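Peer 1: Quick one, fold the following:
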Amino acid sequence: MSEPFIVPVVYQGTEHEFKARFERWAYTHRIAVLIGETTFIFEPDEEGGYRAMNDAGQSAGATNVNVDLLRAVAEKLAKLSS
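Peer 2: Here you go, the predicted model:
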């Protein structure tokens, strides 16, 4: 199991730091990122980027997270993995 790490993201001119953890998942991986009170799962997509999903049990808190913020986190993760 990997150690947790911090993902720094600049969003709307402000730098944010989100706790994350790397998870092996079958033949690939995913990265769990805590944004506010909700954990989002970022999985690699076919184009070399990441797509965000959240746990169905946490969907109420996920509505407060801006899609552009999720996109910024996904872009940062893609840069870190290249």
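
Peer 1: Please, where are all the strands along the chain?
Peer 2: 5-11, 14-25, 28-35, 38-44, 50-54 (DSSP state E).

Peer 1: Could you provide these in TSV, with additional columns for mean pLDDT and mean neighbour count?
Peer 2: C-betas here are computed from N, CA, C, even on glycine. Shown next, in TSV, are those (pLDDT from 0 to 100; neighbours: other Cβ atoms under 10 Å):
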stretch	mean pLDDT	mean neighbour count
strand 5-11	95	14
strand 14-25	93	13
strand 28-35	92	18
strand 38-44	93	19
strand 50-54	89	17
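
Peer 1: For residue 68, which of these is the nearest?
Peer 2: Ranking those by proximity to residue 68 (Cβ to Cβ) places strand 5-11 first, at 7.3 Å.

Peer 1: By residue count, what's the longest helix in this protein?
Peer 2: helix 67-81 (DSSP state H).

Peer 1: If we go by neighbour counts, what in that one is buried?
Peer 2: 69, 70, 72, 73, 74, 76, 77, 78 (16 or more other Cβ atoms under 10 Å).

Peer 1: Of these, which is the nearest to residue 30?
Peer 2: Of all the buried residues of helix 67-81, the one with the least separation from residue 30 (Cβ to Cβ) is residue 77, at 10.2 Å.

Peer 1: Specify the beta-bridge partners of residue 33.
Peer 2: residue 20, residue 40 (DSSP bridges).

Peer 1: dump the residue contacts of it.
Peer 2: Contact analysis of residue 33 by Cβ atoms under 8 Å, 6 or more residues apart in numbering lists 7, 18, 19, 20, 39, 40, 41, 42, 73, 77.

Peer 1: Would you mind measuring from it to residue 64?
Peer 2: 15 Å (Cβ to Cβ, to the nearest Å).

Peer 1: for residue 52, same thing?
Peer 2: The value you get for residue 52 to residue 64, if Cβ to Cβ is used, is 14 Å.

Peer 1: What of residue 17?
Peer 2: 18 Å.

Peer 1: Could you do residue 82 as well?
Peer 2: Taking Cβ to Cβ, one finds residue 82 at 30 Å from residue 64.

Peer 1: Please consider this matter closed, and thank you.
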